[in-house]
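Novice: sharing a model prediction with you, sequence too.
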Amino acid sequence: AMGKGYELEAALQALDPFAPDEQDYALEQYATPPHLAAEIVKCAAGHFGDVENKRVLDLGCGTAILSCACALAGAAAVVGVDCDANALRRARANVEAADVEHVVDLVLAKVSDDFTLPVRGGFDCCVMNPPFGTRATGADVAFVRAALRLCDGPVYSLHKSSTRDYLVRRAGAWGASARVVAELKFDVPKCYAFHRDASRDIAVDLVRFAPAGDAPLPPPPPRGLGSPAA
């Protein structure tokens, strides 16, 4: 497994993000930048030990950057799920390029509250970058709830910092606790015609949702992880 963050990021840099003409605005498709994917997986794998030798779920996997990152970090198995066939075509190419076909499976399916997966066995954890819920209100919540239902262990999920209070408050109703384990910046490139700026930084949180009754959390990671949210 790739233990060092820079090794992981370098491997992810070689993978293909979304092609601008293939991105679906309604699905809020933004490629997870390699440095961000590396930080997310470094936190889940390195600080919490939740990836190596685990069965990992990636909902809304897009081009499978996070799925590949988890596989490269030593996951036993990864299942990436997306409702967009174009994204999954690119995802398959990325899985091959990262040489992790033996670890990553990809499933074409739409995530919803009653969503199930045609795979045997459960998942130990989920690592995902779901829709922010800006276009389709509640999409972010539907992904978290589906992940909690399908996983025996924690769910690592990227969310706009502006939704932090709501998510932390609602987690109890979903049978989980929520804790922000990293504050990061998401550099959203100008990938849609209506974006005026070349790119813009969005403050995002990596939230760790833990099922009720989960073992106590280890100490928080050092404050240096990622860029502090402004």
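Specialist: Sure thing, it's come through. Residues are numbered from 1 along each chain as shown.
Novice: break down the chain into its helices, ranges please.
Specialist: When assigned using DSSP state H, the helices of the chain occupy the ranges 5-13, 34-41, 65-72, 85-97, 139-150, 164-170.
Novice: tabulate these (TSV), appending distance to Ser177.
Specialist: Every residue, glycine included, has its C-beta placed from N, CA and C. Putting the helices of the chain into TSV (distance: least, Cβ to Cβ, whole Å) gives the following:
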stretch	distance to Ser177
helix 5-13	26
helix 34-41	19
helix 65-72	22
helix 85-97	31
helix 139-150	11
helix 164-170	9
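Novice: which one of the ones you listed is the most hemmed in?
Specialist: The highest mean neighbour count among these belongs to helix 65-72 (a mean of 30), with neighbours defined as mean count of other Cβ atoms under 10 Å.
Novice: Ala182 against Leu206, yeah?
Specialist: Yes: because the distance of 4.1 Å satisfies Cβ atoms under 8 Å, Ala182 is recorded as touching Leu206.
Novice: now the helices of the chain as JSON lines including mean pLDDT?
Specialist: JSON lines is the format used below for these (pLDDT from 0 to 100):
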{"stretch": "helix 5-13", "mean pLDDT": "83"}
{"stretch": "helix 34-41", "mean pLDDT": "91"}
{"stretch": "helix 65-72", "mean pLDDT": "96"}
{"stretch": "helix 85-97", "mean pLDDT": "92"}
{"stretch": "helix 139-150", "mean pLDDT": "92"}
{"stretch": "helix 164-170", "mean pLDDT": "93"}
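Novice: for Asn53, which of those helices is the nearest?
Specialist: Asn53 lies closest to helix 65-72 among the helices of the chain, at 11.4 Å (Cβ to Cβ).
Novice: now do the closest one: everything it contacts.
Specialist: 1-2, 8, 11-12, 15, 17, 31-32, 34, 37-38, 40-41, 44-45, 51, 56, 58, 61, 78-80, 91, 94-95, 98, 100, 103-104, 106, 127-129 (Cβ atoms under 8 Å, 6 or more residues apart in numbering).
Novice: for the helices of the chain, which one sits closest to Lys110?
Specialist: Minimum separation from Lys110 across these (Cβ to Cβ) falls at helix 139-150, 10.0 Å.
Novice: name the helices or strands packed onto that closest one?
Specialist: If contacts are counted by 3 or more Cβ pairs under 8 Å, 6 or more residues apart in numbering; DSSP states H and E, helix 139-150 sits against strand 55-59, strand 125-128, strand 155-160, helix 164-170, strand 199-211.
Novice: mean pLDDT for those: which is lowest?
Specialist: Mean pLDDT values for the helices and strands packed on helix 139-150 show the minimum at strand 199-211, a mean of 86.
Novice: find the centremost residue of the protein, please.
Specialist: When Cα atoms, centre = their mean is applied to the chain, the residue found nearest the centroid is Met128 (1.8 Å).
Novice: to Pro118, which of the helices of the chain lies closest?
Specialist: With Cβ to Cβ as the criterion, Pro118 lies closest to helix 139-150 of the helices of the chain, at 12.0 Å.
Novice: in stretch 149-161, what's buried?
Specialist: Buried residues in stretch 149-161, defined by neighbour count with 16 or more other Cβ atoms under 10 Å: 150-151, 153-161.
Novice: taking these, tell me the two that lie furthest apart.
Specialist: Largest pairwise distance in the buried residues of stretch 149-161, by Cβ to Cβ, is 25.6 Å, between Leu150 and Ser161.
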